[in-house]
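Student: based on what follows, work out the 3D shape:
(chains A, B, C and D, ligands or ions: 4)
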Amino acid sequence: MSETLYVQAINRALHEEMERDESVLAIGLDIGRQGGLFGATRGLYEQFGPNRVIDTPISEAGYTGAAIGMAMEGMRPVVEMQFADFVTVAFDQITTVASKMHFMTRGAKQVPLVVRMPYGVNVSGEGYMTGAGPHHSQSPEAWFCHCAGLKVVMPSTPGDALGLLKSAIRDNNPVMFFEQKGLYFTQREDLQESEHIVPLGKADVKRPGDDVTVIATGAMVGLTLSVAGRLASEGISVEVLDPRTLVPLDREAIVASAAKTGRVVVTHEAPETGGFGAEIAAVVADGAFSSLKAPVKRACARDMPVPAGLTARAALPGEATIEAAIREVLKA
Amino acid sequence: MSETLYVQAINRALHEEMERDESVLAIGLDIGRQGGLFGATRGLYEQFGPNRVIDTPISEAGYTGAAIGMAMEGMRPVVEMQFADFVTVAFDQITTVASKMHFMTRGAKQVPLVVRMPYGVNVSGEGYMTGAGPHHSQSPEAWFCHCAGLKVVMPSTPGDALGLLKSAIRDNNPVMFFEQKGLYFTQREDLQESEHIVPLGKADVKRPGDDVTVIATGAMVGLTLSVAGRLASEGISVEVLDPRTLVPLDREAIVASAAKTGRVVVTHEAPETGGFGAEIAAVVADGAFSSLKAPVKRACARDMPVPAGLTARAALPGEATIEAAIREVLKA
Amino acid sequence: MPLEPDRLVAMYRALAGSRLAEEAITDLNKQGVLRGHHSGLGHEAIGVAVGSAVRDDDCVQPSHRSGMMLAHARGGYSLREAVLSQFGKAPSAFGLGEGRPRTLTIVGLVGTWVPMSVGVAMADRLKGKDTVTVTFFGDGAANEGAVHEAMNFAGARRLPIVFLLENNGYAVSMPVSEATAAPDFAARAAGYGMPGVLVDGHDTIAMYEVVEEAIDRARRGQGPTLIEARILRWEAHAHGIADVRDEEELAAARRTDCVRNLRESLLAQGILSEEQAAAIEAECRAEIDAAVEEGRKPGPAPEAPPPLTADEAWRLTYAD
Amino acid sequence: MPLEPDRLVAMYRALAGSRLAEEAITDLNKQGVLRGHHSGLGHEAIGVAVGSAVRDDDCVQPSHRSGMMLAHARGGYSLREAVLSQFGKAPSAFGLGEGRPRTLTIVGLVGTWVPMSVGVAMADRLKGKDTVTVTFFGDGAANEGAVHEAMNFAGARRLPIVFLLENNGYAVSMPVSEATAAPDFAARAAGYGMPGVLVDGHDTIAMYEVVEEAIDRARRGQGPTLIEARILRWEAHAHGIADVRDEEELAAARRTDCVRNLRESLLAQGILSEEQAAAIEAECRAEIDAAVEEGRKPGPAPEAPPPLTADEAWRLTYAD
Ligand SMILES: Cc1ncc(C[n+]2csc(CCOP(=O)(O)OP(=O)(O)O)c2C)c(N)n1
Ligand SMILES: Cc1ncc(C[n+]2csc(CCOP(=O)(O)OP(=O)(O)O)c2C)c(N)n1
Ligand SMILES: [Mg+2]
Ligand SMILES: [Mg+2]
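Tutor: Ligands and ions are numbered 1, 2, ... in the order given. Predicted coordinates:
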């Protein structure tokens, strides 16, 4: 057992998979000698050398495209976007090429690619980059959830980060992997030394409860757990469900929890309109229709850019937002 | 009055706005001497010359970015993406620069930009490009609906195309304007010669009804109207509501219709998961919760790339899909 | 090393055959029998030169122009298949799979495919192979950012790749002279630290030599080359799109002729006789005519790939 | 036309002041009082040269390196403001608004802002203005596709813009030599049909002359220029990020010194005396020291822009 930070869990997954399988390689900006701006790739360059830990020019489309080509030839590149926000530059490569190559080649080519993206706001201020403004704070997962051929993963704990990244690397499809950068240096968990795999497509109940289900992703999971802890003392029993994988989505687990409690809140760090919370709300409102005692409420970011510094809180959902939403669905 | 095709309505809006306001200009690939691949810009070059009808190199990011710069200096560029699919190349410029410039400059700069995007499948085969495969058939509107700072418009009739494009050009924000390319040469409408404006943000009831509401966009509107016509003979009264603008969304109109009928189907040409139909379903399931007699059903494309040729129909929702969804919500 | 006479005759056969097939297909489009073809008339020497210079295990990324002649010249893709593919009755030259010389599938966005082909070259190098990738794109696509990023990356890592820029003077209606102020695209190579070569794309032998040298260089580990092949497009961008050029400009384009050039040169050198040339042409024509007839007949050809079913399409979205 | 002595002294004042302000701010970051600064130490000559060569109605797009010295050298942005801006107590040099020389706001993605500045140049030209845009970016950003597209577009339309590439040898940890095989970035200009000029960015006068010529050219309607200014970065990429360079390399970087260069040259020419130079430095230092003290004191400066409120931020999402 060793206490592992979220960022260390990512690092461990990369080390283990690169050791296990020669075809796994890392590619991105400053991931070699620098070890990554957040340190997620630290030590890889020293261990695996420049042919497997590939620093690139600042060319997000170019190196993502190159990684796609490598993946088509049987390698398993793990691309790091330095910030999730920069994936917009590589958007065409991912949505036009990676997501459709298996389809276009009638199955002849697979694209076992992982794109790791440090996303969201780091209000804790630990590690690199506190509230870094509109271009270094976004949570763009929903875009990729609406692109068939991609899988989308978003772990909220070190254990999930480790186990899901390993699964993502072994998957034969392009996987968009979202790492919440505020969690890198704040979330820690005791993890076994032994192999730890979390399968894609399985939700996890982070806290069981009976009165209301909160479906939360990324940094919202921790916030929801503390709200749930507080509400427990009032006799309110909150179930906290983390989908972990957004595509493919574990609809069964979500609908089952919603059917059990009859009251559902969805929370994510991305803005509400068109966010993945809409999909979850739609799935719940359909699948658990007859069990719902209240409308599904979304506690998400406001539809605005993320302001710099702590003004970011003006956009983000926080514990108060989540608590208010819970109380609202309980009233109905 | 004159009978106007959808593509002619676009063309008329461009002519009228360029005549009215010197600062309006058109920019894109082959929009000048060629008049656009679909002919939407025909005649503009001859009338307004190369300084206002600007053919560009194949550089979607470059010319969209240039248009953003021009918009910041008070011009009103209307960018044509040759196909909506190609907007992925300019995705960064739109989501990083255009959508956030007003915010970042604390209101000092506006970006009155329109990006016109011929989207979707042309199964009719009229005009240019029948079922053109995964890279020339997509409906990417949902991506832009999840980017605060942008407005998103999607007309289904020549009149709406005319009136909404004029509003979009006059708007002081970046507007993503989606033109369904199967409608270009199949939808016709008698339009007055006089000024015709449709405000952004207002939904339209295309057919009133009492038993079920179908919320439809783009090419789905026409399909739904023919289904509604057929079902009327069975005594089923279908209300067809076209949001027309997706951002800002006319929630009141949507919720009012849903509350009236208590049964809702949402249909669009984009794949279901993470599509804008999820947002609409979530809005309905929340806003009309107590009136709903059945879960909201989505009749959207399957989560897959659009196959080439008529196999596209394997992915797309058609009249049968819409009809089945209507019958399903009526059963509940 | 000068090309052996029989190689030259084989190249002429591929070139003349490509021309005749392109003519037949272009005509079928004009007649309305087929639709949407991006005619490669005028481009034949480029595909034939590359197809003749690469090995089967080298990887080629075709563009929408030269894919067919490329596949044909590489061998194993007959004129019959080239024609039948237009009727959906044979595999497309733009996405050849198993059992064929190594070919990457075309992507619908121009320029977008270039980084991917760089990745293939990189994978080959990392695996220790001595194979080379040749990636095609046009003068229009060259102005896409993805192409810049890809060329720079390939230069920086000395990857075994050849960038084959087909400059046919236009991107749909956009003349090169308005799309860039560069005197030529080969000049861009210096900015990526690789040689840039400008070559007359109507001259099959010159094309071949330049391509062969670039491939050798790449194979020896000396890095990429950018080749700009200048030709003139004979037809409109694609069937169904009007040509913005006037008659005079079009006529001038059609006076350039890579097939005639090679024919005359081989005749002059005595490598080919008039009779041989006529026989080659007649053989090709016969094969093409038969294929057109076969294509126009209703019903699928027995060796055609089965059409994609709805169910298969759905399952293809994800790999297992 | 050689620069007048008083212009040269003014440039020296801006240069020495920028250096001292950068030093103070860099130190405050090292002490942990401030955080996140991208130190411009070593870059000063570039911002000062451009700031001295442009008109107020010319438009400048700063990068994250040279924005402060640029704003200062253009006039109206005092050293006091430069320092106070770091404490959030004065407007940021990277997004100056109303009543200041015309400046575009910085965008958080490198390279991404370049097409936008091309659009500004284009708007000015379409309006018949004789203004010029100067857009900054680094050696790293230069490899972004958006920069390629923007330069090509500007070349093709002969737009009044100057591309100012600050080559400081690194993009975070990536040395230029690994990021591109090009001998220099100026070589890329030929591929866009514009002049490319390589200049020593430690030489303020050489910088000024090159920039002035490029601006004149653009103003005369002769189109864009790409200027590559070579310097060496003295500090790590940004505060809080470790430097991958070893001590030797860092020391060599710090031996280059644009301030010393200009000082010695002006002294040698008798344009500046030791006393004058010392007086200028003392004045700048006093202004900076006072500003640091003011910055460190709790509470806002009266002339600071009011901090963004939640409500204002929300309303700013859309224009009316
Ligand atoms: C990203 C993108 N933009 C635009 C198009 C539409 N398009 C297809 S071919 C073409 C012209 C390409 O010109 P060029 O690269 O010179 O090749 P050519 O057709 O002349 O052989 C255009 C604009 C596209 N397919 N992809
Ligand atoms: C599109 C994008 N990719 C990566 C980054 C992260 N980043 C910020 S500055 C920087 C280095 C830029 O290097 P260069 O252009 O040489 O400028 P310098 O910092 O050396 O002045 C990087 C990688 C970014 N901001 N935007
Ligand atoms: Mg061309
Ligand atoms: Mg640099």
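Student: helix or strand for residue 17, which one?
Tutor: The chain I'm using is chain A. Assessed by DSSP states H and E, A:E17 sits inside helix A:6-20.
Student: wrong one, I was asking about chain C
Tutor: Assigned by DSSP H and E, C:G17 falls in helix C:5-30.
Student: before we move on, what about A:L37?
Tutor: Using DSSP H and E, A:L37 sits in no helix or strand.
Student: may I ask you to confirm that it is in contact with A:D30?
Tutor: Yes - taking C-beta atoms under 8 Å as the definition, A:L37 is a contact partner of A:D30 at 6.1 Å. Any C-beta I mention is one placed from the backbone N, CA and C, and that applies to glycine too.
Student: which one of the two has more residues nearby?
Tutor: Taking other C-beta atoms under 10 Å in any protein chain shown, A:L37 and A:D30 do not tie; A:L37 has more neighbours (25 against 22).
Student: which pLDDT value goes with the more buried one?
Tutor: Predicted confidence (pLDDT) for A:L37: 95.
Student: that older thread, what do A:L37 and A:D30 both touch?
Tutor: Common contact partners of A:L37 and A:D30 (C-beta atoms under 8 Å, 6 or more residues apart in numbering or on different chains): A:Q82, D:V172.
Student: pull the CA atoms of the helix holding A:E17 into PDB?
Tutor: Extracted C-alpha coordinates of helix A:6-20, given in PDB (Å, rounded to 0.1, in the frame of the first residue of the first chain):
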ATOM      1  CA  TYR A   6      -4.000  11.800  -8.300                       C
ATOM      2  CA  VAL A   7      -1.100  13.000 -10.400                       C
ATOM      3  CA  GLN A   8       1.100  10.100  -9.100                       C
ATOM      4  CA  ALA A   9      -1.600   7.700 -10.100                       C
ATOM      5  CA  ILE A  10      -1.500   8.900 -13.700                       C
ATOM      6  CA  ASN A  11       2.300   8.700 -13.600                       C
ATOM      7  CA  ARG A  12       2.100   5.100 -12.200                       C
ATOM      8  CA  ALA A  13      -0.400   4.000 -14.900                       C
ATOM      9  CA  LEU A  14       2.000   5.400 -17.600                       C
ATOM     10  CA  HIS A  15       5.000   3.700 -16.100                       C
ATOM     11  CA  GLU A  16       3.200   0.300 -15.700                       C
ATOM     12  CA  GLU A  17       1.700   0.300 -19.200                       C
ATOM     13  CA  MET A  18       4.900   1.300 -20.800                       C
ATOM     14  CA  GLU A  19       6.700  -1.400 -19.000                       C
ATOM     15  CA  ARG A  20       4.100  -4.000 -19.800                       C
END
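Student: show me what that helix is packed up against.
Tutor: Identification of packing neighbours for helix A:6-20 by 3 or more C-beta pairs under 8 Å, 6 or more residues apart in numbering or on different chains; DSSP states H and E yields strand A:24-28, helix A:44-48, strand A:76-80, helix A:158-170, strand A:175-180, strand A:188-191.
Student: where does chain A dip in pLDDT?
Tutor: Low-confidence segments of chain A (pLDDT under 70): A:125-130.
Student: quick one, helices of the stretch 1-150 of chain A?
Tutor: Taking DSSP state H, counting those that start in this stretch, the helices of the stretch 1-150 of chain A run over residues A:6-20, A:44-48, A:60-72, A:91-92, A:101-104, A:141-145.
Student: pick the most deeply packed of these.
Tutor: helix A:60-72 (a mean of 31; mean count of other C-beta atoms under 10 Å in any protein chain shown).
Student: mind listing what the residue in chain C that ligand 1 sits nearest to touches?
Tutor: Here chain C gets closest to ligand 1 at one residue, C:G138, 2.3 Å apart by C-beta to the nearest ligand atom. Contact analysis of C:G138 by C-beta under 8 Å, 6+ apart lists C:S63, C:R65, C:V110, C:L165, C:E166, C:N167, C:N168, C:A171.
Student: equivalent analysis for C:H239, please.
Tutor: C:T26, C:N29, C:K30, C:L34, C:R35, C:G36, C:H37, C:H38, C:S39.
Student: before we move on, back to that, specify the beta-bridge partners of the residue of chain C closest to ligand 1.
Tutor: For C:G138, the beta-bridge partners are C:E166 (DSSP bridges).
Student: follow-up on the earlier one: any chance of the helices and strands packed on helix A:6-20 in CSV, plus distance to C:A291?
Tutor: Below are these laid out as CSV (distance: least, C-beta to C-beta, whole Å):
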stretch, distance to C:A291
strand A:24-28, 45
helix A:44-48, 52
strand A:76-80, 42
helix A:158-170, 45
strand A:175-180, 44
strand A:188-191, 64
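Student: list the contacts of C:I271.
Tutor: For C:I271, the contact set (C-beta under 8 Å, 6+ apart) comprises C:P5, C:L8, C:V9.
Student: and it, what element?
Tutor: Counting by DSSP H and E, C:I271 is part of no helix or strand.
Student: phi first, then psi, for it.
Tutor: phi -80, psi -30 (degrees, to the nearest 10).
Student: how much space between it and ligand 3?
Tutor: C:I271 sits 32 Å away from ligand 3, going by C-beta to the ion, to the nearest Å.
Student: check that residue and give its pLDDT.
Tutor: 97.
Student: then the one 5 residues further on?
Tutor: At C:Q276 the predicted local confidence, pLDDT, stands at 97.
Student: equivalent analysis for the one 10 residues further on, please.
Tutor: C:A286 is assigned a pLDDT of 98 by the prediction.
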